[in-house]
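> Fold the following, please.
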Amino acid sequence: MKLYAFQPRSYGELSFFVMAESEVEARAAVDNYGTEPHEKEGWGTNYYELTVADAGQVLVNSND
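Numbering: from 1, shown residues only. A predicted model of the protein is given here:
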């Protein structure tokens, strides 16, 4: 299993972090996650940047 981190290229929308076996499975989990429409604006486009982490790998976000 890997950690899939989907982060918007700007601020305002949610970031999504999903443990999954594949990118397809991770995207399906986010697709099915119930949020307000404005919180997922840009989802499904290249507006979201994907980072994939293996076990033990640390991801850092500057929260700017």
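> separation between Ala20 and Leu50?
For Ala20, the distance to Leu50 under the criterion C-beta to C-beta, to the nearest Å works out to 12 Å. Quick note: C-beta positions are derived from backbone N, CA and C, even for glycine.
> go on, Phe17?
Phe17 sits at a distance of 11 Å from Leu50 (criterion: C-beta to C-beta).
> ok, and the closest non-adjacent residue to Glu13?
The spatial neighbour of Glu13 that comes closest, neighbours along the chain excluded (C-beta to C-beta, 6 or more residues apart in numbering), is Glu41 at 5.5 Å.
> Okay, strands next: where are they in this structure?
In order along the chain, the chain carries the following strands (DSSP state E): 2-8, 16-20, 48-53.
> tilt between the first one and strand 48-53?
For the pair strand 2-8 and strand 48-53, the angle between their directions (axes from the mean of the first three to the mean of the last three C-alpha atoms, to 10 degrees) equals 160 degrees.
> what does strand 2-8 contact?
Identification of contacts with strand 2-8 by C-beta atoms under 8 Å, 6 or more residues apart in numbering yields 14-21, 23, 26-27, 30, 42-43, 47-55, 57, 59, 61.
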